[in-house]
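J.: task: produce atomic coordinates for the following.
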Amino acid sequence: MDPNNRLNDLIVITGRLAELLQRENEALRLRRTKDVHSLLDEKATLSRVYETRYKGIAEDPEIIAEADIDVRERLLAMGNEVKILMDENASLLETAISANRRVVELIAEAVQDQQPSAGVYGSHGATSRAGSNAAARRVSFTVDQNL
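T.: Residues are numbered from 1 along each chain as shown. Below is the predicted model of the structure:
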């Protein structure tokens, strides 16, 4: 295959990946998780195709050397654009994941705080009458099994 055609194929794939990353980054900024999820399959497919094409060209550097200078420059510009978008994407995803993890932790803490417990005995031998411990009156007892 002609070196210009191989690089042009990679340019087209890189352009599609850049466009998809722009859409995903925008969805992440706007916290539209449904939109982010809808892009996952396409992102995975484009990433695999990009990686395969890039690897094929990287294994044979003569392809780049034989291509026209304007094609090489376009590929370099597209590569730089995708790198910037990927860095931004990683940062936005990390932020979204951290925020979601914190929300789940807060929900778990709230649920745990609402669960009745055995309570804490005070100085008078009674459990607390406030908060989640007030849900039921607790009586302390033991069973003598030495009959």
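
J.: show me the shaky parts of this structure.
T.: The chain contains residues with pLDDT under 70 at 116-147.

J.: isn't there a helix covering A90?
T.: Yes: per DSSP: H, G, I helix; E, B strand; the rest coil, A90 lies within a helix segment.

J.: just give me the neighbour total for it.
T.: 10 (other Cβ atoms under 10 Å). Backbone N, C-alpha and C define where each C-beta goes, glycine included.

J.: distance of it relative to N4?
T.: A90 sits 32 Å away from N4, going by Cβ to Cβ, to the nearest Å.

J.: so which strand or helix has the residue nearest the centre of the chain?
T.: Central residue of the chain (Cα atoms, centre = their mean): L93, 4.4 Å from the mean position. Element membership of L93, judged by DSSP states H and E, is helix 69-114.

J.: swap in I57?
T.: Here I57, judged by DSSP H and E, is contained in helix 33-58.

J.: buried residues in the very next helix or strand once past that helix?
T.: Moving toward the C-terminus from helix 33-58, the next helix or strand (DSSP H and E) is helix 62-66. The neighbour-count check on helix 62-66 (16 or more other Cβ atoms under 10 Å) flags I63, I64 as buried.

J.: which strands and helices sit next to helix 62-66?
T.: Using 3 or more Cβ pairs under 8 Å, 6 or more residues apart in numbering; DSSP states H and E, the elements in contact with helix 62-66 are helix 3-29.

J.: now the angle from the helix it packs on to helix 69-114?
T.: Relative orientation of helix 3-29 versus helix 69-114 (axes from the mean of the first three to the mean of the last three Cα atoms, to 10 degrees): 30 degrees.

J.: show me which positions of helix 3-29 end up buried.
T.: For helix 3-29, a neighbour-count test (16+ other Cβ under 10 Å) marks 3, 6-8, 10-11, 13-14, 17-18, 20-21, 23-25, 27-28 as buried.

J.: and for I13, nearest residue in space, chain neighbours not counted?
T.: Y50 (5.2 Å; Cβ to Cβ, 6 or more residues apart in numbering).

J.: give me every residue that touches the one you found.
T.: L10, I13, T14, L17 (Cβ atoms under 8 Å, 6 or more residues apart in numbering).

J.: how about stretch 95-107 as CSV, C-alpha atoms only?
T.: Provided in CSV are the C-alpha atoms of stretch 95-107 (Å, rounded to 0.1, in the frame of the first residue of the first chain):
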residue,chain,number,x,y,z
THR,A,95,-12.7,13.5,38.5
ALA,A,96,-16.0,11.8,37.6
ILE,A,97,-14.9,8.5,39.1
SER,A,98,-13.7,10.2,42.3
ALA,A,99,-17.0,12.1,42.6
ASN,A,100,-19.1,9.0,42.0
ARG,A,101,-17.0,7.0,44.6
ARG,A,102,-17.5,9.8,47.1
VAL,A,103,-21.3,9.8,46.5
VAL,A,104,-21.4,6.0,47.0
GLU,A,105,-19.4,6.4,50.2
LEU,A,106,-21.8,9.1,51.5
ILE,A,107,-24.8,7.0,50.8
